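>>> model this:
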Amino acid sequence: MELNVSENLNEKQKLAVKHTEGPLLIIAGPGSGKTRVITQRIAHLIEHCDVKPWQIVAMTFTNKAAREMKDRLETLFSGEEQHRINASTFHSFCAMLLRREAEFLSLNQDYSILDDTDQISLLKRVMDEVGIDPNQWKVRSIQSAISNAKSKLMTASAFRAGKNSYFEEIVDRVFTRYEELVSQSNAVDFDDLIMNTNILFQNHPEVLEKYQSRYLHVMVDEFQDTNLAQYQIAQQLAGLHKNLCVVGDPDQSIYSWRNADITNILSFKKDYPDATEISLEQNYRSTKTILAAAQKVISPNQNRVDKDLWTQNDEGSPIIIAEAYDEFEEARITLNEIQNLIDAGICKPDEIAIMFRVNAQSRVLEEACLKSGVSYQLIGGIRFYQRQEVKDIVSYLRLLNNFNDDASLARIINIPQRSIGKTTLSKLSEQATAGGCSLWDQIELVVNQTNGDKSTSFLNKRSLNSVQVFYSLMKEIYDESKDLDLQSKMDLVIERTGYRNYLQNMEHGEERIQNLNELRESSADFSSIEDEEGLDPLTIFLERVSLISDVDHLDDHVNSITMITLHQAKGLEYKAVFIVGMEEGLLPHSRSLEHPEQMEEERRLCYVGLTRAHSRLYLMRAFRRGFRGNYEPSVPSRFLMDIPSKLTLNKGGNITQRDSKILKKTVSAQKSIFATETKSPYEEYKERIRQKKINSSKKQNDYNAGDKVVHDVFGEGVVVDVKAIPSDFELTIAFKDGLGIKKLLLQLAPIKKLNNK
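Got it, this is the predicted structure:
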């Protein structure tokens, strides 16, 4: 059956679908149907341009996006054609390619992929080896520096040649040894997948030519999120036929902390002067009101491509801006409104999302959900494959697949307990380092030594016996598992290691065992899988597990509200969206206040949040927030100032004249902030509050229960209670107009008495 690619497409989308020769840049605004365009373009190439499915590679950034692409293609083609289209994430594509071409690198096909936990564990080991104090130099900072270097295609030796600070000297010492250990373990981390693919292409042009010949068309989704190394892979793959199609939106570039480079999309036409540019500007998702507000928020940014987003959707409801007293009241108001939406039949729970800037904001919201009985799923908590019991069994399986995997061996060598403590493991590591071998090779060396050999003298008799027992156990499991399917291998590991009994004696043991049952079920599809490269099902399963991200755990079939960070929300959409914490220092984040590039990214982050909403949008803020140990008055986010009042409805307080002055001062002073090292107006405002608390003499309390007062933000109210606290008085005030009861500090509260007669 011939496909009609023009069906249900607007004119710009048709142009993008039917452009099949040469480089193409598609600027796709939020909700503009870019996934439909990509899949229809693939269909058009196959149906009308005589392109075979396996001659197309389409890369994106999440497994969820790749899966959605494949699902849509499945409705257009037979199963065989659909499965032969290479639609995957960058990391999955590179993992596949490296396994195919492992012979050209110092890797075996069964190499391990280190996840974040493994990488941190290995970095800590290296820091201990080279004598770097983890209290002085944070492992996360070193990890970030190494990742940043690799995203720029810098090896440890290249980094060493360009170092120019003491911190980079510290990183160099760790980087060099870390790279040695990773290679020694027959392993790669996420950044290595991308960098090693580039190295493979550069050092072996015959390999590059093979893939250039195979792939007639290269497509990259979410192009604004690519880094230098990823962009270079796309360019090299498309080097022969020049059919590189990139799809993205500079206004949604929010991953610079993951080394994404916005200049890739901004400079694409400089790299490809003959490229065609098509802007998808019709939004199918949001109301006119939401879209107008989003465009007002993003328009001040300089690093962007102008586009005129529009929609045929209705005007819709006004955007609700609500102020609570603190984060606890913010959570209560949010959950009450969610319950109202559900009770009124306006939204189902799975059509509602609460979004926030940082994960720490979820705690109060989770507590409010539990108290109100609202079912929720939290994205970005402890991921299933990072749960202790799941990670342990996966580590056993990784070790069976690759005995040189030091990170996995170190994790499970004493789980369940085998009297192989940290001291024994440390001694084994020292010997392995001295001998230039993996931990497993060192253990094998120790076990195979004759009695009395001095090479085993670093272990006492009890430790040596425990190591021998562990070695024998793993060899027996390996031998017995050779002819077993994946599920049976997992069962063998769980039973022979005594892990099930180990869990039964732990807190929440039954729940942990259920997690292992779920892990077992998740492996069922891999037990009989046939891989064209001849890879073992276990190798394929472990690769998939390593490359799973937070958003992949989002269950679209659970009737619960979603709690998610703004970063993780990109690519998702909901009927109703609540963005909490719309305050200076939080959104935008305090780290961005003195850096123009970071401030632009914070604005893009807010834009992404706004454009996730279909018809209902709530922007929540708190008058005071106990965050990171502080509990001080907050300043409303500058992004609220960008939204015209005609698009909003204020509930529970609004941006007062006092707030407006502070905000205007903050924003107008931004250029001078960026040019100097002085504190931002926001920081100065907080400092004045702190000094006022410290230096000013305590106000004489002349407030009593029953006094009528007026507050600059909350309006009129009645004092319910007065309580003396250290250095101040706490007033409990009942405010009118449904604002409820709030507790305020006399020293800070902008209140005054009314005529109480």
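
>>> And the strands in the stretch 451-600 of the chain?
561-565, 574-579 (DSSP state E, counting those that start in this stretch).

>>> Now do the same for Tyr618: helix, strand or coil?
Here Tyr618 is recorded as strand under DSSP: H, G, I helix; E, B strand; the rest coil.

>>> right, and Ala16 touches Arg41 too?
Yes - with contact defined as CB atoms under 8 Å, Ala16 reaches Arg41; the gap is 6.6 Å. For the C-beta atoms, the positions are set from N, CA and C on the backbone; glycine is no exception.

>>> phi, psi of the residue lying closest to Pro30 once chain neighbours are set aside?
Spatial nearest neighbour of Pro30, excluding adjacent residues (CB to CB, 6 or more residues apart in numbering): Thr611 at 3.8 Å. Main-chain torsions, Thr611, degrees, to the nearest 10: phi -80, psi 10.

>>> Repeat that for Gly248.
With angles defined as degrees, to the nearest 10, Gly248 sits at phi -180, psi -170.

>>> shaky segments in the stretch 501-650 of the chain?
The stretch 501-650 of the chain contains residues with pLDDT under 70 at 525, 527-535, 549-557, 627-632.

>>> Can you show me the strands along the stretch 251-400 of the chain?
Along the stretch 251-400 of the chain, the stretches classed as strands by DSSP E, counting those that start in this stretch are 276-280, 319-324, 352-356, 376-378.

>>> Ser523: which of the ones you listed is closest?
For the strands of the stretch 251-400 of the chain, distance to Ser523 was read as CB to CB. The smallest value, 22.9 Å, belongs to strand 376-378.

>>> May I have the strands that pair with the closest one, each with its orientation?
Using DSSP bridges, strand 376-378 pairs in its sheet with strand 561-565 (parallel).

>>> what are the C-alpha coordinates of the partner strand, in CSV please?
Below are the C-alpha coordinates for strand 561-565, written out as CSV (Å, rounded to 0.1, in the frame of the first residue of the first chain):
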residue,chain,number,x,y,z
ILE,A,561,0.3,12.4,38.6
THR,A,562,3.9,12.9,37.6
MET,A,563,6.5,14.7,39.6
ILE,A,564,9.5,15.6,37.4
THR,A,565,12.3,18.1,37.1
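
>>> what comes into contact with it?
For strand 561-565, the external contacting residues (CB atoms under 8 Å, 6 or more residues apart in numbering) are 338, 349-350, 352-359, 362, 365-366, 369, 374-380, 554, 572, 574.

>>> show me where pLDDT drops low in the stretch 651-757 of the chain?
In the stretch 651-757 of the chain, residues with pLDDT under 70: 652-700, 726-727, 738-739, 756-757.

>>> one more time with 90, if that's ok
Across the stretch 651-757 of the chain, residues meeting the criterion (pLDDT under 90) sit at 651-707, 709-717, 720-757.

>>> check contacts around Lys743.
Tyr325, Glu730, Leu731, Thr732, Ile733.

>>> Direction included, what does the helix or strand containing it pair up with?
For Lys743, the host element (DSSP states H and E) is strand 740-745. Using DSSP bridges, the strands paired with strand 740-745 are strand 728-735 (antiparallel).

>>> can you list contacts of the partner strand?
Contact with strand 728-735 is made by 693, 698-699, 701, 703, 709, 711, 714-724, 740-747, 749, 751, as judged by CB under 8 Å, 6+ apart.

>>> next one: stretch 120-139
114, 140, 142-143, 167, 170, 173-174, 177-178, 181-182, 406-407, 410-411, 429, 433.

>>> Give me the contacts around stretch 14-21.
Against stretch 14-21 from outside (CB under 8 Å, 6+ apart): 5-6, 9, 24, 26, 37, 40-41, 44-45, 49, 217, 243, 245, 276, 278, 280.

>>> Recalculate using a threshold of 10 Å.
Stretch 14-21 has contacts (CB atoms under 10 Å, 6 or more residues apart in numbering) with 5-7, 9-10, 24-26, 28, 33-34, 36-45, 48-49, 51, 216-217, 241-243, 245, 247, 276, 278-280.

>>> how about low-confidence regions in the stretch 351-500 of the chain?
Across the stretch 351-500 of the chain, residues meeting the criterion (pLDDT under 90) sit at 358-364, 366-374, 377-388, 390, 419, 421-423, 426-427, 429-436, 445-464, 482-487.

>>> residues near the nearest residue to Ile27 once chain neighbours are set aside, how many?
Residue nearest to Ile27 in three dimensions, not counting chain neighbours: Ser279, with 4.4 Å by CB to CB, 6+ apart. Counted by other CB atoms under 10 Å, the residues lying close to Ser279 total 19.

>>> Same check on Glu507?
Residues lying near Glu507 (other CB under 10 Å) number 7.

>>> Against Glu389, how distant is it?
Glu507 is 12 Å from Glu389, where distance means CB to CB, to the nearest Å.

>>> And for Ala294?
Between Ala294 and Glu389 the computed distance is 43 Å (CB to CB).

>>> Of these two, which one has the most company?
Between Ala294 and Glu389, counting by other CB under 10 Å, Ala294 is the more crowded of the two (29 against 23).

>>> Show me which of the contacts of stretch 14-21 are buried.
For these, a neighbour count by 16 or more other CB atoms under 10 Å gives the buried set as 5, 9-10, 24-26, 28, 33-34, 36-45, 51, 216-217, 241, 243, 245, 247, 276, 278-280.

>>> can you tell me which of the residues you listed are in strands?
Judged by DSSP state E, strands contain the following of these: Leu24, Leu25, Ile26, Ala28, His217, Cys245, Val247, Thr276, Ile278, Ser279, Leu280.

>>> Of those, which pair is most distant in space?
Taking CB to CB, the two most distant members of those are His217 and Ser279; they sit 21.0 Å apart.

>>> what residues are up against the nearest residue to Leu244 once chain neighbours are set aside?
Closest residue to Leu244 apart from its sequence neighbours, by CB to CB, 6+ apart: Ala238 at 3.8 Å. Neighbouring residues of Ala238 by CB under 10 Å, 6+ apart: 23, 57, 212, 215-220, 244-246, 272.

>>> Return the residues in contact with Cys347.
Listed by CB under 10 Å, 6+ apart, the contact partners of Cys347 are Ile338, Asn340, Leu341, Ile561, Tyr574, Lys575, Ala576, His614, Ser615, Arg616.

>>> what's the closest of those to Glu594?
Tyr574 (33.2 Å).

>>> Pull the number of nearby residues for the closest one.
Residues near Tyr574, counting by other CB under 10 Å, number 24.
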